[in-house]
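Asker: Predicted model, plus sequence, below.
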Amino acid sequence: MSTIDRNFEVRVYDKRELARMYFPTLSGKAATDRLRRWTRRCRGLVDELERRTDYHTRARTLTARQVRIIAEYLGEP
């Protein structure tokens with residue numbers, strides 16, 4: 001896992017908001033769908049989210065801890 005750059009603020013995010021940060025050229029729904037696919041394909045990420053947090057795929061918001069884990073696996077948006 002990598003270190004998170006200080007320019008990226010780890011905080012609570014709406015999933016759509018975080019997805020648009022990763023995919024700024026896509027619509028909100030398309031960005032959210034793509035982030036969901038990326039997350040599912042990274043088995044270690046899913047395992048980490050489920051093991052260390054109360055992660056639910058249908059949740060609309062991500063906790064700061066979940067955002068940090070996502071950024072560690074996928075890189076900063």
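Answerer: Thanks, I have the structure now.
Asker: Pull the contacting residues for the residue nearest in space to the middle of the chain.
Answerer: Centroid-nearest residue in the chain: I70, 4.3 Å away (criterion: CA atoms, centre = their mean). Contact analysis of I70 by CB atoms under 8 Å, 6 or more residues apart in numbering lists L18, T39, L45, L49, L62. The way it works is simple: take the backbone N, C-alpha and C, and place the C-beta from them, glycine included.
Asker: for the chain, what spans make up the strands?
Answerer: Under the criterion DSSP state E, strands of the chain are mapped to 13-14, 61-62.
Asker: Quick check: pLDDT value at the residue nearest to the centre of the chain.
Answerer: Here, the pLDDT recorded for I70 equals 96.
Asker: where's it relative to G44, distance?
Answerer: I70 sits 12 Å away from G44, going by CB to CB, to the nearest Å.
Asker: Likewise for R58?
Answerer: Counting by CB to CB, the gap from R58 to G44 is 21 Å.
Asker: any low-confidence regions in this protein?
Answerer: Within the chain, the stretches with pLDDT under 70 are 1-6.
Asker: Test my guess that V10 contacts R68.
Answerer: Yes: the criterion here is CB atoms under 8 Å, and V10 meets it with R68 at 4.9 Å.
Asker: Give me the contact list for stretch 56-66.
Answerer: Applying CB under 8 Å, 6+ apart, the set of residues contacting stretch 56-66 is 10-16, 18, 36, 49, 52-53, 55, 70.
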